[in-house]
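*Asks:* With the sequence up front, the predicted model follows.
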Amino acid sequence: MYNVDEADIVVIDTCCFIEDAKRESIDEILDFIEYKKQKPFFLCVKGCLVQRYASQLVEELPEVDAWYGVLSPYRLAEALEKKVRFLVEEPETVYECAPRSKFSSYAYVKIADGCDRSCTFCAIPAFKGRFKSRSIESIEAEVRELVQNGVKEIVLVAQDTTAYGIDLYGKPSLPKLLRVLDSLEGEFRLRVMYMHPDHFDEEILSSFCDSRKVLHYFDLPVQHGSDEVLVKMGRIKKSEELLEMIFSIRRVLSDAAIRSSVIVGFPGEKEKNFEELLEFLKVAKFERLGCFIYSDEEGTVASELQDKVDEEIAKERMEEVLSLQAELAKESLSRFVGEELEVLVERSTKNYYVARSHLDAPEVDGIVQVRKDVNLNLPSFQLVRILDTDGFDLKGVLV
Ligand code: SF4
């Protein structure tokens, strides 16, 4: 529940990469339209949904005071100050040291935005624009400022972090960026999200191994496990190569936590393809997995494909994937029982501390429940012995 009582301005950031994300964004806007009836405020909606569907939204939701597309925090602040009502232009893809009103234990740092890839199901390149990286210096300055303000975990994000630097430095430069950030002073850790499996290579893996601060967490959305579907999705690596990539990570880093996501119900996905996906998951044994139902997105190649999968079948397939994953994750996470993990303790409840290990990206993964044996300063890094897992969260005691 939000506390909007003291707000003069409310800004809702939106997403629209699949049907569920659109629905969630619209529901959020409708909720705030309701709040506004009780206590008026200036309601601004911004982000990808507006970038993509501005004209329909303006017409259908007149209660919203301002509509802005994808724009930098500086332009946002400027537009809000002037109470601009509509601002949708070419997406601004580079954020220079975004001003922050408060600092929490973790912070997202955008290292690039936009995308030049051509996954056939994805509309993101159409409304986010070309891939554009921030300079290493600019990212370094932002990370330094965040760490000085007490942030303990920096989460590096982009549509595709493996492509980082290709536009600025002529070649993918994520390893170089990680080396620079790793050398910064301060007690913090780095987490890299959204690495494209097709472009994840030995050099990136080595940079994880050589670093002191980069967590052994690999976010690699494979999207499917059937070669036939992968080809239709416009992906390069086949299932064998994807598995080899996963094995190569596990060979060198036994504590690696691999997160992935898959899409079910892609046009033409036959029962045989779905079975191949399940087999793939059984071999890959991801510690974390997201599963989405395919939705037709305007302007994409996949939306033009015939042989759409029935919605009910797609839902059943998603449930089957999630129930299989629950078993597989329990098995994968059990290997940490009895081990010591460094965790970031972030808050306290009546009965336990809430912490995150390298296995747990904020907002999407699980937590570590740490027994409250002593008083701790929060946030802080602590060593914890893992006692148990339910397949999603871990439980442990301070060492
Ligand atoms: S790499 Fe990611 S953002 Fe780019 S087209 Fe593929 S799925 Fe979309």
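*Replies:* Sure thing, it's come through.

*Asks:* Number of residues surrounding the residue nearest to residue 195 when sequence neighbours are not counted?
*Replies:* The shortest distance from residue 195 to any non-neighbouring residue, by C-beta to C-beta, 6 or more residues apart in numbering, is to residue 162 (4.9 Å). Placement of C-beta: from N, CA and C, glycine included. With neighbours defined by other C-beta atoms under 10 Å, the count for residue 162 comes to 19.

*Asks:* wait, what's in contact with residue 162?
*Replies:* Shown in contact with residue 162 (C-beta atoms under 8 Å, 6 or more residues apart in numbering): 172, 174, 195-196, 199-201, 204.

*Asks:* quick one: which of those residues is nearest the ligand?
*Replies:* For the contacts of residue 162, the closest approach to the ligand (C-beta to the nearest ligand atom) belongs to residue 196, at 5.3 Å.

*Asks:* neighbours around the closest one, how many?
*Replies:* The number of residues packed near residue 196 is 21, by other C-beta under 10 Å.

*Asks:* residues touching it, list them.
*Replies:* 117, 160-163, 220-221.

*Asks:* and if you look at residue 299?
*Replies:* Applying C-beta under 8 Å, 6+ apart, the residues near residue 299 are 123, 126.

*Asks:* Give me the below-cutoff pLDDT ranges for the stretch 51-200 of the chain.
*Replies:* Along the stretch 51-200 of the chain, the model assigns pLDDT under 70 to residues 92-99, 101.

*Asks:* Could you find the closest non-adjacent residue to residue 284?
*Replies:* In space, and not counting its chain neighbours, residue 284 is closest to residue 246: 5.3 Å by C-beta to C-beta, 6+ apart.

*Asks:* next one: the helix or strand hosting the one you found to chain centre, how far?
*Replies:* Per DSSP states H and E, residue 246 falls inside helix 239-252. In this view, helix 239-252 has its centroid 21 Å away from the chain centroid, taken as C-alpha atoms, centre = their mean, to the nearest Å.

*Asks:* tell me which element the residue of the stretch 151-300 of the chain found nearest the ligand falls in.
*Replies:* When scored by C-beta to the nearest ligand atom, the stretch 151-300 of the chain has residue 159 as its residue closest to the ligand, at 4.0 Å. When elements are assigned from DSSP H and E, residue 159 belongs to no helix and no strand.

*Asks:* I figured it was touching residue 116, is that so?
*Replies:* No. Counting by C-beta atoms under 8 Å, residue 159 stays clear of residue 116, with 9.4 Å between them.

*Asks:* what sits in contact with each of those two?
*Replies:* Contacts common to residue 159 and residue 116, judged by C-beta under 8 Å, 6+ apart, are residue 131.

*Asks:* Of the two, which one has the most company?
*Replies:* More neighbours surround residue 159 than the other of residue 159 and residue 116, with 21 against 14 (other C-beta under 10 Å).

*Asks:* residues touching that one, list them.
*Replies:* 112-115, 124, 128, 131, 194 are the contacts of residue 159 under C-beta under 8 Å, 6+ apart.

*Asks:* Buried among the residues you listed? Need that as a selection in ChimeraX.
*Replies:* Remark: buried members of the contacts of residue 159, expressed as a ChimeraX selection using 16 or more other C-beta atoms under 10 Å:
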select :112,113,114,115,124,128,131,194
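
*Asks:* Also near the ligand: which of the contacts of residue 159, exactly?
*Replies:* Counting by C-beta under 6 Å from any ligand atom, the subset of these that neighbours the ligand consists of 115, 124.

*Asks:* of the contacts of residue 159, closest to residue 258?
*Replies:* Checking the contacts of residue 159 against residue 258 with C-beta to C-beta, the nearest one is residue 194 at 13.4 Å.

*Asks:* Residues of this protein that sit close to the ligand?
*Replies:* Taking C-beta under 6 Å from any ligand atom as the contact definition, the chain meets the ligand at 115, 117, 119, 122, 124-125, 159-160, 196.

*Asks:* Rebuild these as CSV, extending it with secondary structure.
*Replies:* Formatted as CSV, the residues of the chain next to the ligand follow (DSSP: H, G, I helix; E, B strand; the rest coil):
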residue, secondary structure
115, coil
117, coil
119, coil
122, coil
124, helix
125, helix
159, coil
160, coil
196, coil
